[in-house]
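Undergrad: okay, sequence plus prediction incoming.
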Amino acid sequence: MSQEPLLRVEELTTHFFTEEGVVRAVDGISFTVNEGEIVGLVGESGAGKSVAASSLLRLVEGPGEIVDGEVTFRGETLFGVEERSDGELVQRDEMLSNAEMRERIRGREIAIIFQDPMESLNPVFTVGGQLREFIEINRDLGADAAKREAIDMLREVGIPEPENRYDDYPHQFSGGMRQRVLIAMALSCEPSLIIADEPTTALDVTVEGQILDLVDDLQDKYDTSFIWVTHDMGVIAEICDRVNVMYLGEIVEQADVEQLFYDTKHPYTCLLYTSLSGLPRAIRDVYKRQHRGHHARSDQSALRLSVPHSVSGRARGVRSGASGRARRLRAG
Ligand SMILES: Nc1ncnc2c1ncn2[C@@H]1O[C@H](COP(=O)(O)OP(=O)(O)OP(=O)(O)O)[C@@H](O)[C@H]1O
């Protein structure tokens, strides 16, 4: 019996129509996410990871446009196009409306966590108040029940003395704590899928490790699926089950995490972690010892890397001209 994936992405294509030409930020990517799985999207800066993440929830803003492909979630069409007899690409009738996306999907079924918590948290309101309001709106709870739930969620993500921290403002929390608050917010509606767009990139390695441990624990408890966006193969090794390697808007390699690390197929993936082999053995051993017991895949946790700069520049270039599949979707 084949089980339908929670999320299915087929040939998703998002382009930016700039004065300099068409930037093919996401160029026909296909992948799936199953129930309870953590799926990685890895690649250097400019590879198209964030645009891909936003495209899944139809959050792309002009001059960007999702021009082709299909995204289905629990069998519902979040995005889909079809070709008319005159060759024009039009949006499918069964595609969810903007109101349905806003009211039923975003936040409730699929939550998204961004790299910078200050973009998501309003500095002039208290952390607890913002979490309570989010829960009130998205779970149709009264103010008192939502406040209790907010405090429980803060406790759940490891905020000490959540009753006392409830009335603190975002700037009174550390970066790691703010990221925990966003995880609490994302989890509060018990979504089936959380898209995490580099949420640990700005944190130091120790705090990052704590957040990854937290996500690991929460994922076990809630069985939430994740799409984890990162440029860091070490993060992929630590928490992902499967991984998609992105380069210049395309997925160049897809594999189970173990398979990717022990049997890399694509030269670009090799480039993503070539610097690892240069790590002095002693440092790797210390890192391994520190992580022993935290994760079953502790050996792979040692595989932290920096992305080679030589590749970065190329990924940012504007590629002009629209491909066959890059025809602009008919408006409306
Ligand atoms: N508003 C925009 N206008 C034009 N091009 C854009 C716009 N936003 C993104 N792009 C381009 O889309 C491509 C993919 O960007 P994206 O932000 O998805 O990369 P990324 O892999 O997430 O990198 P990073 O980790 O640095 O965010 C890049 O070439 C980027 O310059």
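TA: Yes, it's here.

Undergrad: from now on I want contacts and neighbour counts done on CA atoms only, so please keep to that.
TA: Will do.

Undergrad: could you pull out the strands for the stretch 101-250 of the chain?
TA: 110-113, 193-197, 225-230, 242-247, 250-256 (DSSP state E, counting those that start in this stretch).

Undergrad: mind putting those strands into a markdown table with mean neighbour count?
TA: Listed next are the strands of the stretch 101-250 of the chain as a markdown table, based on neighbours: other Cα atoms under 10 Å:
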| stretch | mean neighbour count |
| --- | --- |
| strand 110-113 | 22 |
| strand 193-197 | 24 |
| strand 225-230 | 25 |
| strand 242-247 | 25 |
| strand 250-256 | 19 |
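
Undergrad: closest to Thr13 out of those?
TA: strand 250-256 (9.3 Å; Cα to Cα).

Undergrad: coming back round to it: for Gly87, find the nearest of the strands of the stretch 101-250 of the chain.
TA: Closest of the strands of the stretch 101-250 of the chain to Gly87 is strand 250-256, at 24.3 Å (criterion: Cα to Cα).

Undergrad: the closest one and the ligand in contact?
TA: No: Strand 250-256 lies out of reach of the ligand by Cα under 6 Å from any ligand atom, never closer than 10.4 Å.

Undergrad: which residues are in contact with that strand?
TA: If you take Cα atoms under 8 Å, 6 or more residues apart in numbering as the criterion, strand 250-256 is touched by 26-30, 47-48, 241-246, 260, 265-266, 268-269.

Undergrad: and for stretch 10-18?
TA: In contact with stretch 10-18 (Cα under 8 Å, 6+ apart) are residues 22-31, 51-52, 55, 62-71, 326.

Undergrad: what residues does the closest residue in space to Pro191 that isn't next to it in sequence make contact with?
TA: With sequence-adjacent residues excluded and distances taken as Cα to Cα, 6 or more residues apart in numbering, Pro191 is closest to Glu109, at 4.3 Å. Glu109 makes contacts with Cys189, Glu190, Pro191, Ser192, Leu193, as judged by Cα under 8 Å, 6+ apart.

Undergrad: of these, which is the most crowded?
TA: For these, the largest number of neighbours (other Cα atoms under 10 Å) sits with Leu193, at 28 neighbours.

Undergrad: for that one, list each beta-bridge partner.
TA: As for beta bridges, Leu193 partners with Ile110, Ser225 under DSSP bridges.

Undergrad: was I right about it contacting Ser225?
TA: Yes: using Cα atoms under 8 Å, Leu193 is in contact with Ser225, at 4.6 Å.
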